[in-house]
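heads up, no residue letters with this:
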């Protein structure tokens, strides 16, 4: 896989072919001289241009699955990025409407976005007329680059204002760099393309025969999680506020905020097929994942009330049947349960004061 990635080539505007292995070999051969050159502004600009020029390999096709009358999903079987999956770690959904195709999260790289476009074209010849980004974690929006390449830089890309700010700020380039590192540079060539349309909670986007109602109820997975209700299909894409069988990143999130979000969303949308960014959807997704999350949160709240230290709280969480029942089969459980118990404990301490 690494050798295949290293030998990827492409043509520039002058018809000159560049070999990725050759370029990487040249830069490695510069040794300490490269460190000194890196201090020169012109060299830094050239390095960034070179990085943009060299692209990682194409992502293998994943045939889309039809979820409802209008909605299709390009399913990611993996929940975390690796060199082997080339960063394909989050689902890409799209709705085929009378006015065109609406994409709900564009994937984690230029290459994933290009694969998604190929798959959209395998089921419809309609153009993409809009992209929606659920939040600012890059596995859900770095594919924007492919869609603006294919459908023009003025293609509407919608997100909440805070998400736009984060992508234009620190999070954009951070996620670009992280995806390159995690995938052994398979995502190289991906550029940060931020959303260009700000939306708000309660807004309805009308695409003729399909309306998409937008929901936001405060901090859950992040401070700006956007859920997208495809009204005619009774299907809501929930991004990362819930997951089927993966322990969610809560670094930017809130446990009580998540529970509040679930209740408000269910009250507003009613019975739905809830489809996550990671895993498969179901009508019971919010309840089942909420049960697991409460199995982390409630023992931590009790531990804080009882003066039990963090280590004791972790032991209580691991013994809780709502958590223990998921331990053997949940992706990322062993590597993440300690960290996210700590975050719950810290938030419970803050709530107590």
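Alright, I've got the coordinates. Treat the numbers as computed from the prediction; the structure is a model and nothing was measured. Numbers count the residues shown, from 1 in each chain.

Only C-alpha atoms from now on, for both contacts and neighbour counts.
OK.

ok, residue 105 touching residue 89?
No: taking contacts as C-alpha atoms under 8 Å, residue 105 lies outside contact range of residue 89: 11.9 Å.

quick one, which of those two is more surrounded?
It is residue 105, of residue 105 and residue 89, that has more neighbours when counted by other C-alpha atoms under 10 Å, with 29 against 23.

any idea of the pLDDT on the more buried one?
The predicted local distance difference test score for residue 105 is 98.

Quick check: it vs residue 282, distance?
Using C-alpha to C-alpha, to the nearest Å, residue 105 is found at 19 Å from residue 282.

Kindly confirm my reading that residue 348 forms part of a helix.
Yes: per DSSP: H, G, I helix; E, B strand; the rest coil, residue 348 lies within a helix segment.

That one reaches residue 305, doesn't it?
No: if you go by C-alpha under 8 Å, residue 348 and residue 305 don't touch, sitting 9.0 Å apart.

out of those two, which sits in the more crowded spot?
The neighbour count for residue 348 versus residue 305, taken as other C-alpha under 10 Å, is higher for residue 348 (22 against 12).

so what pLDDT did the more buried one get?
98.

With adjacent residues omitted, what lies nearest to residue 93?
With C-alpha to C-alpha, 6 or more residues apart in numbering as the criterion, residue 93 has its nearest non-adjacent residue at 4.4 Å, and that residue is residue 73.

Just the element for that neighbour, please.
Residue 73 belongs to strand 71-74 when assigned by DSSP states H and E.

Which neighbours in the sheet does that strand have, and how are they oriented?
If you go by DSSP bridges, strand 71-74 pairs up with strand 65-66 (antiparallel), strand 92-96 (antiparallel).

Quick check: phi and psi at the nearest residue to residue 234 once chain neighbours are set aside.
Of all residues beyond its chain neighbours, the one nearest residue 234 is residue 272 (5.1 Å), with distances taken as C-alpha to C-alpha, 6+ apart. Reported as degrees, to the nearest 10, the phi and psi values for residue 272 are phi -140, psi 160.

Roughly how far does residue 272 sit from residue 287?
Applying C-alpha to C-alpha to residue 272 and residue 287 gives a distance of 12 Å.

more crowded one of the two?
Neighbour comparison, residue 272 and residue 287: the larger count goes to residue 272, with 20 against 15 (by other C-alpha under 10 Å).

roughly how far apart are the more buried one and residue 185?
Taking C-alpha to C-alpha as the measure, residue 272 falls 38 Å from residue 185.

check contacts around the closest residue to residue 175 other than its chain neighbours.
Setting aside the residues directly before and after it, residue 175 is nearest to residue 138 in space (C-alpha to C-alpha, 6+ apart), at 5.2 Å. Contacts for residue 138 (C-alpha atoms under 8 Å, 6 or more residues apart in numbering) come out as 107, 108, 171, 172, 175, 176, 179.
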